[in-house]
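**Student:** generate a structure from the sequence data that follows.
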Amino acid sequence: MARRHYLKAINRSAILNVIRTHGPIARADIARRTGLSPATVTGQTAELIQDGLIFEKQEGDSRGGRRPVLLALVEDGIYVAGIKLAEDRASLAITDLNAEVIVNQEIKLESRDPQAVSEHLAQALRHEMAAHDLAFSRLLGLGVGLAGIVDSAKGICRLSPFNNWFDVPFAEYLEELLERPVYLDNDVNTLTLMEKLYGLGQHVDNFLVVTIGRGVGLGIVIDGEIYRGARGGAGEFGHMVIDPAGLETDGERGTLETFVAEPWLVRRAQLQGLNIDSIEAFTQLGRDGDPVVTGLLAQAGEVLGQSLANLVSLFDPSLIILSGEGVRLGESLFTPMRAALEMYSFANMFDEVILRIEPLSDVAWARGAASLVLGRVFHRPDPDQIELVNL
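**Tutor:** The predicted model follows:
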């Protein structure tokens, strides 16, 4: 029975993808493109119409005989939501089925208690939908991204260093409040999923997303699937040790983050005598040509480039997307990074890699979280999570 449900969910996913990509489209053409039988397509599309995900749009051109009825994706009136969770705030995005943002809102958080946070977020989501005349009954689900180690299959935050959470069933808390499916993942994984579904990684089977900002993160796509590791901890790129005798943070020394992450760049500037307390002040000094700041950025770029060269050797990606708030540091960081990446890549492996630098906003993070729901709707289900796919 479980296998039958799994195959049915795969069929549903395939049909939705064809309609999203090629619609409006006739049932016969769906059968031809998917290889499914006409009876299977008819049965599945009837369920999708009943669920409100597709509709009969118009009649197509006749090929002899009766004109076919065309099917299209319902783009208006069905919503998904995404939340990017930080320490003292959250970014909320409500999107349509094409991940186009309808509402985005920043939410201030006064507590770090996970149940209090879940109550605040659930209330804020309901409030924003009501304020914008969006029917809550048409919400398919909520995706949440946060920094740390996340068991996405179980919806449990195993470790969130910023919030000091350990083994928190955060998805369950929100599901009880919203009575909707809630999907939880590492925030960089949600961003990577958005790139895979709607961005630069749409037609790329093997690529990496590296984020720099408050920390340094990594999203990994191998053979078209996001790789999370055995316990959800894959991609903790910023915790790679560069200098065992370097600056200490949380019991670690000389990690990549201590060279590249924004708070540590500010800290290194302070250690060299600069009276600054923000990354904005640091960035402005860099624009003004301050020798301390330009030297720190050159060092950070070289270390980041060496580390990216290691990733190229490990994963052999066709594409690396560099993103996050830290891209505002500009060419003072990227020029030495590119030089080091080319210098330290093994056997010219980097020659075939496309490198893209992509600025990022909070709403993009939240849109990535919303993609967790869209990924369940449109893409092949995991057989271990089939109950999460059948809507």
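
**Student:** okay, and the beta partners of the nearest residue to Gly326 once chain neighbours are set aside?
**Tutor:** In space, and not counting its chain neighbours, Gly326 is closest to Ile212: 3.3 Å by CB to CB, 6 or more residues apart in numbering. In short, each C-beta sits where N, CA and C put it, glycine included. According to DSSP bridges, the partner residues bridging Ile212 are Val216.

**Student:** Ile212 touches Ala261, doesn't it?
**Tutor:** Yes - with contact defined as CB atoms under 8 Å, Ile212 counts as touching Ala261 (6.9 Å).

**Student:** shared neighbours, these two?
**Tutor:** Gly326 (CB atoms under 8 Å, 6 or more residues apart in numbering).

**Student:** more neighbours: which of the two?
**Tutor:** Legend: neighbour count by other CB atoms under 10 Å for Ile212 and Ala261, higher for Ile212 (27 against 24).

**Student:** okay, the closest residue to Leu319 other than its chain neighbours: pLDDT?
**Tutor:** Using CB to CB, 6+ apart and skipping residues adjacent in sequence, the residue nearest Leu319 is Phe207, 3.9 Å away. Note for Phe207: predicted pLDDT of 98.

**Student:** ok, Phe207 - contacts?
**Tutor:** For Phe207, the contact set (CB under 8 Å, 6+ apart) comprises Glu195, Leu200, Gly201, Val221, Pro317, Ser318, Leu319, Ile320, Ile321.

**Student:** of those residues, keep whichever come out buried.
**Tutor:** Glu195, Leu200, Gly201, Val221, Pro317, Leu319, Ile320, Ile321 (16 or more other CB atoms under 10 Å).

**Student:** mind listing what's buried in the lengthiest helix in the chain?
**Tutor:** If you go by DSSP state H, the chain has its longest helix at helix 291-315. For helix 291-315, burial by neighbour count (16+ other CB under 10 Å) applies to 292-293, 296-309, 311-312, 315.

**Student:** which strands and helices sit next to that helix?
**Tutor:** Counting contacts by 3 or more CB pairs under 8 Å, 6 or more residues apart in numbering; DSSP states H and E, helix 291-315 is packed against strand 207-212, strand 216-222, helix 257-260, helix 262-271, helix 279-287, strand 319-323, helix 331-344.

**Student:** would you turn the ones you listed into a markdown table with distance to Gln105?
**Tutor:** Output for those, formatted as a markdown table (distance: least, CB to CB, whole Å):
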| stretch | distance to Gln105 |
| --- | --- |
| strand 207-212 | 22 |
| strand 216-222 | 24 |
| helix 257-260 | 29 |
| helix 262-271 | 24 |
| helix 279-287 | 23 |
| strand 319-323 | 22 |
| helix 331-344 | 31 |
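
**Student:** what stretches of the stretch 1-150 of the chain score poorly on pLDDT?
**Tutor:** Low-confidence segments of the stretch 1-150 of the chain, defined by pLDDT under 70: 1-7, 9, 60-65.

**Student:** helices of that one, start to end?
**Tutor:** 2-22, 27-34, 38-50, 114-131 (DSSP state H, counting those that start in this stretch).

**Student:** distance across stretch 197-205, terminal residue to terminal residue?
**Tutor:** 12 Å (CA to CA, to the nearest Å).

**Student:** which residues sit against that stretch?
**Tutor:** Contact partners of stretch 197-205, identified using CB under 8 Å, 6+ apart, comprise 98-99, 192, 195-196, 207, 209, 221-224, 318-319, 321, 356, 358, 371, 374-375, 378-379.

**Student:** now swap in stretch 164-175 and tell me
**Tutor:** With contact meaning CB under 8 Å, 6+ apart, stretch 164-175 is reached by 112, 114-115, 118, 121-122, 142, 144, 148, 154-160, 181-184.

**Student:** what's the average pLDDT for that stretch?
**Tutor:** 96.
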